[in-house]
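Student: I would like to see how this sequence folds:
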Amino acid sequence: MKSKFYIIVAVLSIIPLIFSTTLPYAFAKSLDLNISLADQHTSRSSPRTYVIPLIEGLEYTIDVDVLDFWYMDIKIKISPNPYIVAGQMVDSNSYTGDIMNFVPSRTGNYYILIIAKSGSGFFDIRVDLGITSPATALLTPFYGGIYLLVLILPSSIIFLVGMFILLLIRKNQKDQIIRKEVYTKTHYQEKEVEKDALMGQDEVRFCPFCGTKIQRSAQFCANCGNSIT
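Tutor: Numbering: from 1, shown residues only. Predicted coordinates:
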């Protein structure tokens, strides 16, 4: 039973991990080079992720335009991995959007994260080949493990709860065994008393030295040999 329970806990722990690791792939929206994607919405609680294939060594311009109406301060993050744990960032104090000039260090998919630092609203995003506009701020590296925590936390909670339940089950089984042993010993003693009573020995006698049950008429203990007269 214990091995089956371990398997169940392991499977339940893996399920949210698989689900959370696939979320960035599922929710990243594809961008096409030199084509604007308009009317994209974001807020502090719901950043937007985009994916676009880039070529190593070429220059690109990432332009995120926010209308004055929304008065929203955003920052742009770009990373070669979908979890955006580390990469490059542009963060200015502008409320009309940001522009990033970026040169990929490898060829492949890059993930762009648009985060609203304040406010919420709509924006347009466009990635162009070449430096079409100057950047609104310098590229700065970023490192963050928050998403890794989001990945691991659900599985860790399920695993710990499963181990806690297993400990409770084992404790309950141990208590049942102890109760059974106590009941069996008590039942045996009661039967011995009944047996003695049927043989005419109403009063059960024990050796005062070692506690062994002895015959009422005995003068010496058969176990320790002491005189009991």
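Student: Work out which residue lies at the spatial centre of the chain.
Tutor: L153 (2.3 Å; Cα atoms, centre = their mean).
Student: doesn't that one fall inside a strand?
Tutor: No: checked against DSSP: H, G, I helix; E, B strand; the rest coil, L153 lies outside a strand; its state is helix.
Student: quick thing: my sequence starts at 16, can you match it?
Tutor: Renumbered: residue one is now 16, and that last one reads L168.
Student: Model confidence at it, what's the number?
Tutor: At L168, the pLDDT value in this model is 72.
Student: For this protein, give me the ranges with low pLDDT.
Tutor: 16-21, 24-41, 160-166, 197-198, 200-219 (pLDDT under 70).
Student: how about the nearest residue to D47, chain neighbours excluded?
Tutor: I67 (7.6 Å; Cβ to Cβ, 6 or more residues apart in numbering). In this view, the C-beta of every residue, glycine as well, is placed from N, C-alpha and C.
Student: can you pull up the bridge partners for that neighbour?
Tutor: Y125 (DSSP bridges).
Student: and if you look at the one 10 residues further on?
Tutor: Here I77 sits in beta bridges with M115, V142, as judged by DSSP bridges.
Student: which residues touch it?
Tutor: Applying Cβ atoms under 8 Å, 6 or more residues apart in numbering to I77 gives the contacts 91, 93, 105, 114-117, 127, 140-142.
Student: How about R121?
Tutor: Counted by Cβ under 8 Å, 6+ apart, R121 has contacts 71, 95.
Student: and if we set it to 6 Å?
Tutor: For R121, the contacting residues are E71, by Cβ atoms under 6 Å, 6 or more residues apart in numbering.
Student: Spatially nearest residue to L153 (excluding sequence neighbours)?
Tutor: L153 sits nearest to V105 (Cβ to Cβ, 6+ apart), 7.6 Å away.
Student: what about the one you found, how many neighbours?
Tutor: 22 (other Cβ atoms under 10 Å).
Student: and if you look at the one 10 residues further on?
Tutor: Burial of M115 is recorded as 25 neighbouring residues (other Cβ under 10 Å).
Student: for V66, same thing?
Tutor: With other Cβ under 10 Å as criterion, V66 counts 16.
Student: swap in F84?
Tutor: 8.
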